[in-house]
Structure formats: structure tokens, C-alpha cells
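**Student:** A structural model of the following input is requested.
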Amino acid sequence: MPARKTEPPAVAIQGLTRRFGAFTAVNKLDLRVEAGGVFAFLGPNGAGKTTTIKMLTTLLAPTEGSLKLCGFDVVKQPREARRCFGIVFQDPSLDDELSAAENMDLHGAMYGLAKALRRERGEALLKMVELWERKDDPVKRFSGGMKRRLEIARARMHEPRVLFLDEPTVGLDPQTRQHLWDYVTKLCKRSGTTVFLTTHYLEEAEKVAGRIAVIDHGRLVAQGTSAELRQATRTKSLEAAFIKLTGHGLREEEAGGVDRLRQFRKMWRR
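**Tutor:** Presented below is the predicted three-dimensional model:
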């Protein structure tokens with residue numbers, strides 16, 4: 001009987017470093033995320049989370065090290081890597097003047113999906129996030145929670161194996177946040193999608209993430225399950241463990257902010 005082919009890790013990072021002049025934002029980071037489930041990537045402001053995600057999603061080139069998505073080298077095989085992930089940015093990235101259906105169709109067209117397939121998947125995904133009845137409404141009429149659901153549905157149009165969620169529940173009320181996580185949990189179970197999550201709501205990470213990594217000053221300082229991190233720091237909550245690992249000081253946001261939607265669209269013209 002032939003050996004069963006093992007699935008490559010969703011994310012594999014070795015010695016990843018990114019410098020901006022004399023400043024090192026990410027410093028020799030090693031990280032491995034197995035396929036499937038929810039993985040939380042946590043850290044204070046300025047810890048290097050956003051820089052790492054930019055490198056993983058081909059928006060920023062690493063200074064040193066290697067990184068792979070689903071077995072594809074992100075630097076040497078950028079187009080293959082892009083097809084295996086979807087992303088929901090922290091900042092809104094929908095076109096408010098277009099309808100929900102038009103936003104979905106445009107995203108599918110960027111990935112080269114045929115018109116009939118875009119229509120089929122768009123309908124299925126909008127129904128899944130309970131927006132089908134509002135498909136023809138301009139997005140500017142949607143609430144914050146509706147926009148987030150639409151962004152997640154849109155990111156699923158090309159059926160990516162990895163879904164990056166960068167602070168997806170910022171500004172949402174508790175009921176909407178719960179609804180969103182219920183959907184994400186079902187998505188992982190139903191499709192085997194790997195969710196790579198960043199959030200400052202540590203109770204969310206504790207509830208939905210199977211594995212957690214904590215980064216600070218560009219370095220990995222801890223990883224494991226929530227229970228393992230609590231045990232290692234002798235604390236009773238993930239929030240207490242996080243503070244013990246990263247300290248109490250206030251941090252500034254990472255430098256060099258960019259319009260990520262514009263940058264994401266530009267990369268498809270290369």
C-alpha cells in the first residue's frame with residue numbers, strides 16, 4: 001500500500017528577519033503552523049505581527065530567512081502562494097459604492113475565476129454569511145458586522161487553504177463578534193481551512209484558537225495552547241499570561257503603515 005502523502009504545513013517560517021534601516025521589526029523568527037484549525041498570532045503594538053503578515057502575504061520582502069505557505073516559497077513562488085491564501089485586513093477594504101454581489105464578483109475576477117463559477121460561489125458564500133437577501137444593496141448601507149461578514153465571504157471566493165484575519169472584530173458589538181466566530185469555527189470544520197488570526201481581544205483567542213504564538217520585539221517569546229501558556233507563566237488566564245510574557249508598558253503601532261488594499265491590488269498586476 002503506497003504511503004499516504006502528508007499535507008505541508010500551512011505556514012513554515014525559518015530565520016525570518018525584516019529590517020527597516022537600523023530598526024529590526026522581525027528578528028530571526030521561526031514558526032510552524034500545521035494545516036487546519038485556528039492559530040492565533042498575538043503580540044503588543046509594534047511587536048512585529050503586521051510586518052510578519054505583510055511578508056507572508058507577499059506585500060513585503062524579507063531581509064533574511066525563508067517563509068512558505070502551503071509548501072510554496074513566498075519569495076520564489078509568489079503567484080502560487082497568493083492563490084493559497086485569503087485575507088481580511090484590519091481596515092475596511094470593500095468598495096462601498098458597489099453592491100455585495102459586485103464586490104464578490106470583482107474579487108473572483110481578480111483570481112481569474114470564470115463568470116459562471118463566480119456567480120455560483122458568490123451565491124453560496126453570501127447565503128452562508130446570511131447576506132444573500134442584501135446582495136444588490138450598496139455596501140455603504142451595511143453595518144460594521146455585515147461588512148465584516150462580507151469581507152470574510154469575499155476572501156473565500158477562490159477557496160484558499162489559509163485565511164488571514166487581521167483584527168477582524170475591532171469595533172464590533174459582542175453579539176456580532178460571537179456570530180462571526182461561530183461562522184469561522186464552522187468554516188474550519190467544514191472546509192479544513194487554516195485560520196491565521198491576530199487580535200487584541202485575548203478572550204477571543206483563548207476561546208477559538210487551538211494553538212497560540214506570542215511575539216514581542218520581533219521575536220517569538222512563547223507558543224502552545226492557552227492551557228500550556230497559562231501553565232508556563234503560572235497564571236489563570238491568557239490575558240495574564242500575555243502580560244507576564246510581554247510586560248505592562250504601553251507600545252506604539254508598527255511604523256510604516258500602508259494602504260494595504262491598494263498594495264494588494266497592485267501585486268496582481270505584476
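**Student:** what's next to stretch 161-177, contact-wise?
**Tutor:** 10-11, 35, 50, 53, 56-57, 69-70, 84-90, 143-145, 148, 151-152, 155-156, 180-181, 184, 187, 192-201, 204 (C-beta atoms under 8 Å, 6 or more residues apart in numbering). For every residue, glycine as well, the C-beta is placed using N, CA and C.
**Student:** helices along the stretch 151-270 of the chain, start to end?
**Tutor:** Counting by DSSP state H, counting those that start in this stretch, the stretch 151-270 of the chain has helices at residues 174-191, 202-208, 226-233, 238-246, 260-267.
**Student:** related to what we said a few turns ago, tell me the buried residues within the contacts of stretch 161-177.
**Tutor:** Neighbour-count burial (16 or more other C-beta atoms under 10 Å) applied to the contacts of stretch 161-177 gives 10-11, 35, 50, 53, 56-57, 69-70, 84-90, 145, 148, 151-152, 155-156, 180-181, 184, 187, 193-199, 204.
**Student:** enumerate every residue touching the closest residue to residue 142 other than its chain neighbours.
**Tutor:** Computed as C-beta to C-beta, 6 or more residues apart in numbering, the closest residue to residue 142 that is not its neighbour in sequence is residue 150, at 6.9 Å. Shown in contact with residue 150 (C-beta under 8 Å, 6+ apart): 94, 100, 103-104, 126, 129, 131, 139, 142.
**Student:** residue 150 sits in which helix or strand?
**Tutor:** helix 144-155 (DSSP states H and E).
**Student:** pull the CA atoms of that helix into CSV?
**Tutor:** Below are the C-alpha coordinates for helix 144-155, written out as CSV (Å, rounded to 0.1, in the frame of the first residue of the first chain):
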residue,chain,number,x,y,z
GLY,A,144,-20.0,47.1,10.5
GLY,A,145,-20.9,43.5,11.3
MET,A,146,-22.4,43.0,7.8
LYS,A,147,-19.3,44.4,6.2
ARG,A,148,-17.0,42.0,8.2
ARG,A,149,-19.1,39.0,7.1
LEU,A,150,-19.0,40.1,3.5
GLU,A,151,-15.2,40.6,3.7
ILE,A,152,-14.8,37.0,5.0
ALA,A,153,-17.1,35.6,2.3
ARG,A,154,-15.2,37.6,-0.3
ALA,A,155,-11.8,36.2,1.0
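**Student:** circling back: how close does the residue nearest to residue 142 sit to residue 23?
**Tutor:** 36 Å (C-beta to C-beta, to the nearest Å).
**Student:** same deal with residue 228?
**Tutor:** 32 Å.
**Student:** look at those two and report which has more neighbours.
**Tutor:** Taking other C-beta atoms under 10 Å, residue 228 and residue 23 do not tie; residue 228 has more neighbours (14 against 10).
**Student:** got the helices of the stretch 151-270 of the chain as CSV, with distance to residue 74 columns?
**Tutor:** CSV is the format used below for the helices of the stretch 151-270 of the chain (distance: least, C-beta to C-beta, whole Å):
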stretch, distance to residue 74
helix 174-191, 22
helix 202-208, 24
helix 226-233, 27
helix 238-246, 27
helix 260-267, 12
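**Student:** and those: which comes nearest residue 64?
**Tutor:** Of all the helices of the stretch 151-270 of the chain, helix 260-267 sits nearest to residue 64, with 21.4 Å by C-beta to C-beta.
**Student:** now the closest one: mean pLDDT?
**Tutor:** Average pLDDT, helix 260-267: 52.
**Student:** can you check stretch 18-38 too?
**Tutor:** 95.
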